[in-house]
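S.K.: need a structure here:
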Amino acid sequence: MKILVAVLIAVAASVVAVGSHAEVKYFPRVGEDDRLQIQEIIGAQLKAFHSKDAEKAFSYASPSIQDKFRTPTRFLSMVRKFWPEVYNARRSEFLQLAEVKGVWIQGVIISDDLGETWLAQYPMELQPDGNWLINGCVVRALEDRSL
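M.R.: Now for the predicted structure:
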């Protein structure tokens, strides 16, 4: 259910209905520098979660995520409660960046100390200053996969 809701929100935010057709509202071109920055941002947020640095973790969230949770402490609490697999991630493997209906999604396989693995999908948002920020996270369990 988390996955469906997050994907629907991401898609709805990225398209504008025109008559019976949907058009992409904003579709940035993504190059190698963008891919590297996106991976750095997600990796840095995972490290911030690991060190329990709420301010740092919150700084990588998009303005809409920051508006929703208002404070770094609330944000960290929400991640710890609802996405413990992300909060407790110990290892990560970045997959290929993918575009879904105008939204760039970075897939990351994350693993904990017990070897359990999940696929975390991060919708990314390009900011007016040219930097990328995380605009959510959808997580699902993976089977038969270890890092």
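
S.K.: From here on, just use CA atoms for contacts and neighbour counts.
M.R.: OK.

S.K.: Kindly provide the distance from Q45 to V100.
M.R.: 23 Å (CA to CA, to the nearest Å).

S.K.: In stretch 93-108, which residues are buried?
M.R.: Burial within stretch 93-108, assessed by neighbour count using 16 or more other CA atoms under 10 Å, is assigned to L97, K101, G102, V103, W104, I105, Q106, G107, V108.

S.K.: Repeat that for stretch 121-132.
M.R.: Residues of stretch 121-132 classed as buried under the neighbour-count rule (16+ other CA under 10 Å) are Q121, Y122, P123, M124, E125, L126, W132.

S.K.: Any chance of the residues you listed in CSV with secondary structure, distance to I38 and pLDDT as columns?
M.R.: As requested, those are arranged in CSV below (DSSP: H, G, I helix; E, B strand; the rest coil; distance: CA to CA, whole Å; pLDDT from 0 to 100):
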residue, secondary structure, distance to I38, pLDDT
Q121, strand, 12, 96
Y122, strand, 9, 96
P123, strand, 10, 97
M124, strand, 8, 97
E125, strand, 10, 96
L126, strand, 10, 94
W132, strand, 6, 96
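
S.K.: what's the most distant pair in the residues you listed?
M.R.: Set against one another by CA to CA, the buried residues of stretch 121-132 have their most distant pair in Q121 and L126, with a gap of 16.1 Å.
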